[in-house]
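S.K.: Model the structure of this input:
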Amino acid sequence: MTAIADPRATLDALASEYAQRAEAIRRNLLSPHSSSFPEQAVERQNDDVLRSLLAEAEHGLKEVAHARARLAEGRYGICTACGATIAPARLAALPAAELCVDCAARS
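M.R.: I've put the predicted structure just below:
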């Protein structure tokens, strides 16, 4: 199993990635639409997709913030539902994971 060598650095990098993604999406959403009505229809559909992607990035930022709080409290890597240790491989794949595999499967 692979453990995260430096969880703080990993979470910082993940937060930076989410923040950059969210900012790029916000900029894209603020760009003007075409004057062509057919093109506007496509652009507005794209805006819906972008809003969903923005919501995912913002959710990721919240998850990272919660993981940082758990790290600061000494609870990082401990399942918030059952108190078991979260497998290092799971944390390597999902650094902001708050549930062990068993609890995640039940939710």
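
S.K.: Can you name the residues that contact the most centrally placed residue in the chain?
M.R.: Nearest to the mean C-alpha position of the chain, by C-alpha atoms, centre = their mean, lies residue 60 at 2.0 Å. Listed by C-beta atoms under 8 Å, 6 or more residues apart in numbering, the contact set of residue 60 reads 14, 18, 96. Quick note: C-beta positions are derived from backbone N, CA and C, even for glycine.

S.K.: swap in residue 53?
M.R.: Contacts of residue 53 (C-beta under 8 Å, 6+ apart): 21, 25.

S.K.: Show me which positions of the helix or strand in which it is found end up buried.
M.R.: Using DSSP states H and E, residue 53 falls within helix 37-72. Buried residues in helix 37-72, defined by neighbour count with 16 or more other C-beta atoms under 10 Å: 47, 50, 53-54, 57, 60-61, 63-64, 67-68, 70-71.

S.K.: For residue 14, see how far away the nearest residue to residue 91 once chain neighbours are set aside is.
M.R.: Distances taken as C-beta to C-beta, 6 or more residues apart in numbering put residue 4 closest to residue 91, at 5.4 Å, once the chain neighbours are dropped. For residue 4, the distance to residue 14 equals 11 Å [C-beta to C-beta, to the nearest Å].

S.K.: Between the two, which contacts overlap?
M.R.: Common neighbours of residue 4 and residue 14 (C-beta under 8 Å, 6+ apart) are residue 95.

S.K.: between those two, which one's more packed in?
M.R.: Of the pair residue 4 and residue 14, residue 14 is the one with more neighbours under other C-beta atoms under 10 Å, namely 19 against 15.
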